[in-house]
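Student: Sequence first, predicted model second:
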Amino acid sequence: MVARLRAARPADLLGIVLLLALLVAAAAPGLVARHDPYEIEPSAAFQAPSAVHWFGTDESGRDTFSRVLHGTQSSVLIGILAMAIGLGLAVVLGALAGLGGRLADYAVGRLLEVLFSVPVLLVALLTIAVLGAGVVPSAAAVGVAVAPGYARIVRSQMISARASGYVEAAVVMGRSRATVLRRHILPNVVARLFALATLGVGQAVVWACSLSFLGLGVVPPNTEWGAMLAAGRPYLTNAWWLTIFPGAFIVFTAATLTLLGRTMQRRSRER
Amino acid sequence: ACGGDAVNASDQPRSGGTLVYATGDDEPTCLDPQKGGNVAQALLGTQFLQTLFYQNGSGEILPWLATGWKQAADGLSWSIEIRENVKFSDGTALDAEAVKANLDRIQAPQTLSNTGRLALQKIAKVEVTGPSTVRIDLHQPDGALLESLAQVWLPIESPTAFARGLDANCLKPVGTGPYMVESWTKQDSVTLVRNPFFTTPPPDAAHTGPAYLDKIVWRFVPDGTSRFAALQSGQVHVIDVVEPQNAAAVKGIPTLRTLIAARPGEPVELELNSGRAPFDDIRVRQAFFASIDVDGALRSVYLGTVQRATSLLSSATRFNVAAPPHVYDPAAAAALLDQAGWSSRDADGYRTRAGKRLSVVLPYSRFIPLETGFYEQLQATAKKTGFEVQLQPLETAKWWSVNNAWAYDAIPVYYTKNSPDVLRITYTTAALAESTPGSYHANTAHVKNADLDRLLEEAGRSSDDGRRAELYKQAQDLLGAGFYTLPIHDQQTRLAHQTKVKGLRLQPSLAMPDLYDAWIA
Amino acid sequence: MRRLALRALGTVFVLWAVVTLTFLGTQAIPGDRAEAVLGGPGSRSTAAQLAQIRAQYGFDRPLWVRYLDELRHLAQGDLGVSYALKTPVTTLIGQTIGGTLTLAALSLAVAWVIAVAVALASTRDSRIGAALGSLLEITAVAVPHFWLGSMLILVFSVGLGWLPPISTPGVSGMVLPVLSLALPLAGFLGQLMRESFLAALDAPFTLSARARGESETRVRLVHALRHAALPAISLSGWAFGSLISGAVVVETLFSRPGLGRALLSAVLAGDSPVIIGVVLVVATVYLVLTFVTEAADRLADPRLRAASGHRAGASAW
Amino acid sequence: MPQTTDPDTVLDVCDLNVRFGDSDVVSGVSFTLERGRCLALVGESGSGKSVTARALLGLAGPQARVRAQRLHVLGRDVLGLSGRALRAMRGRDVGLVLQDALVALDPLRPVGREIAAALRGTPARRRRQRVRELLVAAGVPEPEHRAAQRADELSGGLRQRALIASAIALDPPVLIADEPTTALDATVQDQILQLLLSLKEAGTGLLLISHDLAVISRVADTVAVMRQGGIVEYGPARDVLSAPTHPYTRQLLAAIPADRPRGTRLTGGPRSSPETTAWPAGDAELLTATALTKRYPLPDGTHRLAVDGVSFALHRGRTLGLVGESGSGKTTTARIVLGLTRPDTGEVRLGGQPWSTLAESRRRPDRPRIGAIYQDPLGSFDPRMTVAEILADAVSLGRSTRPAGSRKEIMRLLDAVGLPVATAGHRPARLSGGQRQRVAIARALAPRPEILICDEPVSALDVLVQAQILDLLDDLQSEFGLGYLFISHDLGVVRHVSDDVVVMTGGQIVEAGPTEQVLTEPSHPYTRRLLAAAPRLADASVRKGSLP
Ligand SMILES: Nc1ncnc2c1ncn2[C@@H]1O[C@H](COP(=O)(O)OP(=O)(O)OP(=O)(O)O)[C@@H](O)[C@H]1O
Ligand SMILES: Nc1ncnc2c1ncn2[C@@H]1O[C@H](COP(=O)(O)OP(=O)(O)OP(=O)(O)O)[C@@H](O)[C@H]1O
Ligand SMILES: [Mg+2]
Ligand SMILES: [Mg+2]
């Protein structure tokens, strides 16, 4: 572990440190944030950032720092959930196309083309329109919307794994299709997807926030970043902190995860 | 309650120019307010449509497209004189036939009028009695008839234009106002130009003759931040639906000014569905009101720019009776709930009765002028007493469905109307519309009270102001004692404009902006 | 010839499937369709009115009858009339498509210019420079459109007063919307390009170009850039599609009339003719663009002209 | 140290050192080169040959730290030149033919343009003509047509020649050719060497880099043997190749399989396995292939006959060599034998039983009887598995439960292929090429097969490693009585390892028989052409006499 850490580049280390910070914020926001994120205090509304309220307070006098920190949980949860849904669908579709023979491949290929030609956001909007607003619907919407993109990747990875030398070597050694799939193809594809998923969580967080901005995200008073942004943005000119900080956290989280995902991609390529 | 910039005498009004108005209200689906009938239509319609009567700042009815009127002794018939030599902007003449055509049209079901139709419910028939006189026959006396006919939702439009069909009329209604519709680019803007046939300025206008402005571009800018930024950067001249924080900011900007006035009717209020549990119990309703800190919310969310409403009628409506507002009193609320049997609490701190949580469904929508922060504070304070408030942000159409289906416990509403008769429309048993389920019902609080019905019916029939005042007071007291409605703040017209825009005023009947006198310095 | 015919057939199939999916999607939106027609603030519709509308629009017919009806109309080129706006969908799309396509095309172009500039400026020599470059890209990708748009408004409209916060037909009104869309995309394209640009700079053929005495500028412009552009070109069709999604947000933010905003309000209002019409148009544009990017791909990469068959698709979104 | 006084001296290098980070990749290298002469740099992979060459042009890379007492090209000090002067020098004074010809030309541009890019100072209208002349000079047929094609539309040999054409575009007095013939067919290799020789005769000073001593012996006047960044032996080619003084040079020479009879060891040292064989003697037929044909559809609707009427048999304890130029159908034949490709007609029988006609599920139980090793061993390993896991998987025959004693079996396999136990924990990607090939062999041996199909198993390895692998295969054969199908395009290797040999071209077998007979008295003209082109040490008699 130490040796591996030493081999890491500064950017990787930065990614890891940031991720740890993020995880702490998601798991135990109370450790750092001293205020109750839901506690209203109308008389303390719109206070600029200060020693007491690091990120200022919002229109209900709630502490923005606490809210942002507590928001990590739902935002990251949405990101992860969306990714899980998206990748889950993608693996099913991609596996069907990559391993299911020509007909299945053709059918899935057409389906993906169809899904690709429908704007991502529309798929998300329709999902929300059907499911209603909330954390899970938000995640489902983003997941369903991004699934075709990942399905394409999974498909091509399945195909390239299937055509790889190691699969051929396994066939020559007399391994059955099931064994080859279980021991070689799936583990290799899934290992790559892990990096991809990390990249995707960041983007999913961003997408989910966009839904919130359009008024379709998480139901108040949930401390999700997108919802906070949507609520704080009207006060952009008078209380900039309500827009800047949640936004910065979205960027920060998405960037951290992207950084990490890229590191993992590079590592798996180097291996 | 309303007013305009006093036109500075040293500034000579200047003709010409294009005024850009950015509205934050929804884009109408039809420019003809006879169809449907909402505020968005009224805002635009005020610029190119006019009514038979005009209501001035003190609530008096003045002639406008009508020149005179006479009520029969039994109160069941009105005869109205129509102004002569008035032309619609398509060049056709206004006459008695045209007025009858309009009143009939509003009542016809295929017109799909809502606001107008409700206002004319008491009309039995309209008859042309001369080239410039009509007679309106009623089922029962209607003290609010003239007030109704002074609302832009009941405008007099060109019957020639009606012949084009409902949809065509929606695109380009033809009226007698100072401007006329030139074009409508959906989801962008409506362009209005000066009406060359215009002869009928509002009675309290600052000038006569044609409007000053060549053109008005009425842009739909739903995003409040962008709207205000556009005003600040000089890109637009006037904006409406100015958000409180921006209204506060205008005070520090010398080139900008606000123009804010209450609209008549019922204020923005929270109504409790007394038709189902838990709010079928008056104690629970009372406890709910006592567990909400309205004042605190208004002060913080609205930065003190909005006054608490104290009456069931807007401060701009005649006969409103100020009552002491409900105060935030968690202790009293707790006591009431204990009495009502909601005495135990569950793990999340919410009150329960017989294993059922004290839960309140509150659907709201963006078009109701209350900020998200207000709902959140309501939710947070009510939680302390043990109410679980389930907020449901909904899109407009969905919100109406929920409303029509009675699927709410508390619901924010408002009703714009220039008459205390609004109470009859929204609180009588008839307004429950129980005979047709899934239908619109104005009685959102589900009030079913024969005494109240009687009071409001009589008030609606009466034309004696003294009697009306008495009846409306009794009605308001009765409603107040029932804890159905929590008034929050008056619905307002909230404009901000460049100081170089002069002569901007509001028409008192509905407090709609009127750009007839407006000019750009 | 045969290939073209097959392709045309495939396109028709995709469009049919898109319509079917969207139709089913819109039908799944809860709520009364008649309410969507009468809807809008203050609709206050009576049951009689709703029933009237249901009969008039045929909402009470079975799903498959409505579906077949929809297909029949679409096949005749009739996109129907918007429930909410009561305008023919073709008119509505005609009014809005230009703005959205211009916005998307300009954003794509600007994103490309930025990405190419970043790629050309990047080297392996300076670690700090490289780290900074990739940090900027990663950050750009992570910025939500609407937040970026808000920040741009705050700085350039409210603060400096240089550019209008709500869009105008002129150039100045385009700058902020285009930037809001282009910067995140530039980050994405930049990542793609810079990586393959550096790979190309390390490739033996650039070494041999240097060994021939070719200048650094020539090596970068003539050799490396073309290689770097390949993955970005392949993804541009996809990127254009994603810009349409971004347009929903940006058009709302900057109050621009456009397909995106039309789509958003249609979804919110349950206005299925508009949803289906817009999606059909967007899908068509997407398909045309895929065709164009494939052609561009072939132009930029002659290897594809020789090899038949299809290449693996987008690697990320 | 030689001094630069001679005006004929084109390269003068004294005490060249190149560092990457904290590792010295080249240290203390010195040599000179004169006009019309050829200096060869030989040595194993990674010994610093290419870095030395690149340093001469100032192209060692931005991370490289280059120091030297003298680094003179045509009397000018490269280290003191500005970037602009360096660029002016490249191509004009020194031409460089890069190691990887297959990827050294921009795949997106026609080769004509690539060559024209080197033609600085030539007026634009003259360039076309000049490119044509250069292609002709480089021995490219149909120059007009070729100039319009891109590198990947050309065969390896043509690419190599196009690359040379671009390097000699400005007639530089010095030409550096880095492994110009590696990975080429013998016939093509021969053509390239002819071209280099003619350049040398025309007065160009030639710095030739290769790890192939046979190639060097044909062209070089002087040889410098490099090892681990330094020159271990430097002198006239004849002396170095016939009377090597440094043990390393001797090792290199001994490792050349060409003309070394079957069974002689290439690495020196004793056999690792006991001489006694555990397998019954006798000429048992393990596998027969009869009249195999395979055709592949082409994009234009026609077909290519990849394999056309191929028949042969594999015997216990014997090796069948399969030679032929690229594209002659060797790999396709191997895949048919392995049951990966179904032949259109003809049949493969395993131990007299049907094999190629079986359904895959029926074939599976007998699969352990045939093993395979490939040219690219790395690609044939699951990248996530360590060596131990790979071998355990092979030992357990794919059953996930590990049989008792599998660990011992793994150790035995590692030992059999001469790998240290420590390698068990590594992933193959971290091993050297030779080690990887050993792992591949160990894996193939695990199920105790009767037959090993080896498709170009040593083509990617350098001579010394190649020698080790060939010896290992030889040992294993005598120990276990394996029958080998050994595919290679390298006649020298095939000659060394095979008992019998078949020669393929265009999918057909043109000649077959015992190795010595086919390769000493070829009857088919194609075989004769192949043999004539095969490089060998220029003077075999000299070499034989000098061997210890
Ligand atoms: N840019 C570089 N950075 C770090 N190390 C390098 C670089 N280029 C070459 N090396 C190292 O320098 C050593 C010598 O490399 P070089 O390419 O000169 O070997 P070579 O003798 O040409 O081998 P081969 O026969 O395989 O071509 C190798 O160990 C290689 O890993
Ligand atoms: N899957 C395939 N589809 C189409 N053509 C193929 C396929 N596999 C091989 N070929 C063609 O069949 C011919 C024989 O190929 P094969 O790989 O057997 O040659 P080879 O002798 O092994 O060549 P090399 O020495 O380059 O490995 C070649 O022309 C090749 O292009
Ligand atoms: Mg080398
Ligand atoms: Mg081969």
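Tutor: Ah, there it is. Ligands and ions are numbered 1, 2, ... in the order given.
Student: and the residue in the stretch 1-150 of chain D positioned nearest to ligand 3, how many neighbours does it have?
Tutor: Relative to ligand 3, the nearest point of the stretch 1-150 of chain D is D:Ser50 (3.1 Å; C-beta to the ion). All C-beta spots, glycine's among them, are computed from the backbone N, C-alpha and C. Using other C-beta atoms under 10 Å in any protein chain shown, D:Ser50 has 21 other residues around it.
Student: swap in the one 10 residues further on?
Tutor: Other residues within reach of D:Ala60 by the criterion other C-beta under 10 Å amount to 21.
Student: Likewise for A:Trp225?
Tutor: Neighbour tally, A:Trp225, other C-beta under 10 Å: 31.
Student: Now do the contacts for C:Gly58.
Tutor: By C-beta atoms under 8 Å, 6 or more residues apart in numbering or on different chains, the contact set of C:Gly58 is C:65-66, C:69.
Student: By neighbour count, which of those residues wins?
Tutor: Ranked by neighbours (other C-beta under 10 Å), these are led by C:Arg66, which has 18 neighbours.
Student: Which helix or which strand is home to it?
Tutor: helix C:63-75 (DSSP states H and E).
Student: Can you list the buried residues in the helix or strand following that helix?
Tutor: Per DSSP H and E, helix C:63-75 leads on to helix C:89-121 as the next helix or strand towards the C-terminus. Across helix C:89-121, burial judged by 16 or more other C-beta atoms under 10 Å in any protein chain shown covers C:89, C:92-93, C:95-97, C:99-101, C:103-104, C:106-108, C:110-112, C:114-116, C:118-120.
Student: Run through the neighbouring helices and strands of the helix or strand bottoming out on mean pLDDT in chain B.
Tutor: Every helix and strand of chain B was ranked by mean pLDDT, DSSP states H and E. The lowest is helix B:396-404, at a mean of 82. Applying 3 or more C-beta pairs under 8 Å, 6 or more residues apart in numbering or on different chains; DSSP states H and E, one finds that helix B:396-404 contacts strand B:359-365, helix C:33-38, helix C:259-269.
Student: Give me the contact status of the second one with chain B.
Tutor: Yes. Applying C-beta under 8 Å from any C-beta of the partner chain, one finds helix C:33-38 touching chain B at C:35-36, C:38.
Student: do the helix or strand that contains D:Lys294 and ligand 2 meet?
Tutor: If you go by DSSP H and E, D:Lys294 is part of strand D:285-297. Yes. Using C-beta under 6 Å from any ligand atom, strand D:285-297 reaches ligand 2 at D:Tyr296.
Student: Report the strands that pair with that strand, each with its relative direction.
Tutor: Here strand D:285-297 is paired, per DSSP bridges, with strand D:303-315 (antiparallel), strand D:345-350 (antiparallel).
Student: quick one: contacts of the first one?
Tutor: Read that as strand D:303-315. Contacts of strand D:303-315 (C-beta under 8 Å, 6+ apart): D:283-298, D:320, D:329, D:332-333, D:336, D:343, D:346, D:451, D:483-485, D:502, D:504, D:506-509, D:512.
Student: before we move on, the earlier item: with mean pLDDT and mean neighbour count as added columns, please give the helices and strands packed on helix B:396-404 in JSON lines.
Tutor: Converted to JSON lines, these look like this (pLDDT from 0 to 100; neighbours: other C-beta atoms under 10 Å in any protein chain shown):
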{"stretch": "strand B:359-365", "mean pLDDT": "92", "mean neighbour count": "19"}
{"stretch": "helix C:33-38", "mean pLDDT": "74", "mean neighbour count": "26"}
{"stretch": "helix C:259-269", "mean pLDDT": "85", "mean neighbour count": "27"}
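Student: Now which of the contacts of strand D:303-315 would you call buried?
Tutor: Buried, going by 16+ other C-beta under 10 Å: D:284, D:286-290, D:292-295, D:320, D:329, D:332-333, D:336, D:343, D:346, D:451, D:483-485, D:502, D:504, D:506-509, D:512, out of these.
Student: for the residue of the stretch 1-150 of chain D closest to ligand 3, helix, strand, or coil?
Tutor: helix (DSSP: H, G, I helix; E, B strand; the rest coil).
Student: how about it, what does it touch?
Tutor: So D:Ser50 contacts D:99, D:178, D:209 (C-beta under 8 Å, 6+ apart).
Student: domains of chain D?
Tutor: By the assignment in automatic domain parsing, chain D contains the domains D:101-171, D:285-384+D:448-543.
Student: Ligand 3 is nearest to which of the ones you listed?
Tutor: Once the domains of chain D are compared by C-beta to the ion, domain D:285-384+D:448-543 is nearest, at 10.3 Å.
Student: Next, see if the closest one gets close to ligand 3.
Tutor: No. On the criterion C-beta under 5 Å from the ion, domain D:285-384+D:448-543 is out of touch with ligand 3, staying 10.3 Å away.
Student: Check the offset of the helix or strand encompassing C:Val141 from the chain's centre.
Tutor: Under the criterion DSSP H and E, the helix or strand holding C:Val141 is helix C:127-142. Distance, stretch centre to chain centre, for helix C:127-142: 24 Å (C-alpha atoms, centre = their mean, to the nearest Å).
Student: List the neighbours of it that are in contact with it.
Tutor: Against helix C:127-142 from outside (C-beta under 8 Å, 6+ apart): A:10-11, A:202-203, A:206, A:250-255, A:258-259, A:262, C:118, C:121-124, C:183-184, C:186-188, C:190-191, C:194.
Student: chain center to the very next helix or strand once past it: distance?
Tutor: Remark: after helix C:127-142, the chain's next helix or strand is helix C:145-152, criterion DSSP H and E. Computed by C-alpha atoms, centre = their mean, the chain-centroid distance of helix C:145-152 equals 18 Å.
Student: how far off helix C:127-142 does helix C:145-152 point, in degrees?
Tutor: 110 degrees (axes from the mean of the first three to the mean of the last three C-alpha atoms, to 10 degrees).
Student: Output helix C:145-152 as CSV - backbone C-alpha positions only.
Tutor: Extracted in CSV, the C-alpha atoms of helix C:145-152 (Å, rounded to 0.1, in the frame of the first residue of the first chain):
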residue,chain,number,x,y,z
HIS,C,145,-24.8,24.6,-17.3
PHE,C,146,-27.3,26.6,-15.3
TRP,C,147,-24.8,27.5,-12.6
LEU,C,148,-22.2,28.6,-15.2
GLY,C,149,-24.9,30.6,-16.9
SER,C,150,-25.9,32.2,-13.6
MET,C,151,-22.3,33.1,-12.9
LEU,C,152,-21.8,34.5,-16.3
